[in-house]
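A.B. asks: Take this sequence and fold it.
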Amino acid sequence: MPRPTKKSERRAQILDAFERAVSRYGLDGATLDRVSEEAGLARALIRHNVGNREDLIEAFTKRFMENSDAAMASMVDHLPTEKPSTAMVNWLFQPGSSDTQLILASSALIMAGAHDRQLAKRMREWTDAFIARIEGVVKQDYPKASREARRAVATGISGIYFNSQSLAPLGVDTALRTRSHDAALRLLHTLDG
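C.D. replies: A predicted model of the protein is given here:
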């Protein structure tokens with residue numbers, strides 16, 4: 001495999017710095033000056049390797065969605081064949097399964113979507129894809145349940161998950177995580193009947 005070019009290494013370094021800045025200051029507060037400081041690079045190098053601020057936001061959003069999709073695909077690929085939906089819920093709510101910086105970055109993208117229709121559309125598509133993956137796993141255990149019921153359960157599990165993850169940066173106690181996990185399992189098991 002060929003060695004990555006210096007430009008691709010710099011680009012990754014800059015996008016990592018942008019993610020840290022977004023997680024601290026939000027999308028609007030992640031200025032080129034802050035990214036430059038966070039990356040330890042001159043603004044000119046940021047512009048040379050990624051482009052202007054809009055290019056940086058686009059590259060960051062694209063990378064976020066690709067990484068998120070890859071993480072979900074990997075999780076689904078590693079689920080056991082026996083009761084995969086229960087294993088999925090267990091994985092979603094286990095301690096250490098979340099990345100606080102990534103949670104804050106996703107929250108920043110969602111909030112920025114309130115003022116950017118194109119970004120809002122992309123984040124809705126990202127959310128829909130997340131729910132669809134959960135629904136696909138639920139279908140493996142509950143093939144006879146109606147599509148509407150599976151979709152509702154998948155949406156509910158996603159809502160519980162996103163809520164508990166959004167509170168994680170506050171240092172939420174394990175009791176909330178445990179109750180959220182329990183609620184997601186209870187919702188899943190409504191399909192048992």
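
A.B. asks: confidence score at Thr5?
C.D. replies: According to the prediction, Thr5 has pLDDT 72.

A.B. asks: Check which helices and strands the host helix or strand of Val76 sits against.
C.D. replies: Take DSSP states H and E as the rule and Val76 turns out to sit in helix 53-77. Judged by 3 or more CB pairs under 8 Å, 6 or more residues apart in numbering; DSSP states H and E, helix 53-77 is in contact with helix 6-29, helix 32-39, helix 84-93, helix 100-112, helix 117-141. In this view, the C-beta of every residue, glycine as well, is placed from N, C-alpha and C.

A.B. asks: now the angle from it to helix 32-39?
C.D. replies: Here the directions of helix 53-77 and helix 32-39 differ by 50 degrees (axes from the mean of the first three to the mean of the last three CA atoms, to 10 degrees).

A.B. asks: For Ala183, find the nearest of the helices and strands packed on helix 53-77.
C.D. replies: With CB to CB as the criterion, Ala183 lies closest to helix 84-93 of those, at 9.5 Å.

A.B. asks: Tell me which residues are up against the closest one.
C.D. replies: By CB atoms under 8 Å, 6 or more residues apart in numbering, the surrounding residues in contact with helix 84-93 are 75-76, 79-80, 97, 134, 137-138, 140-142, 157, 161, 164, 177, 180-181, 184-185, 188.
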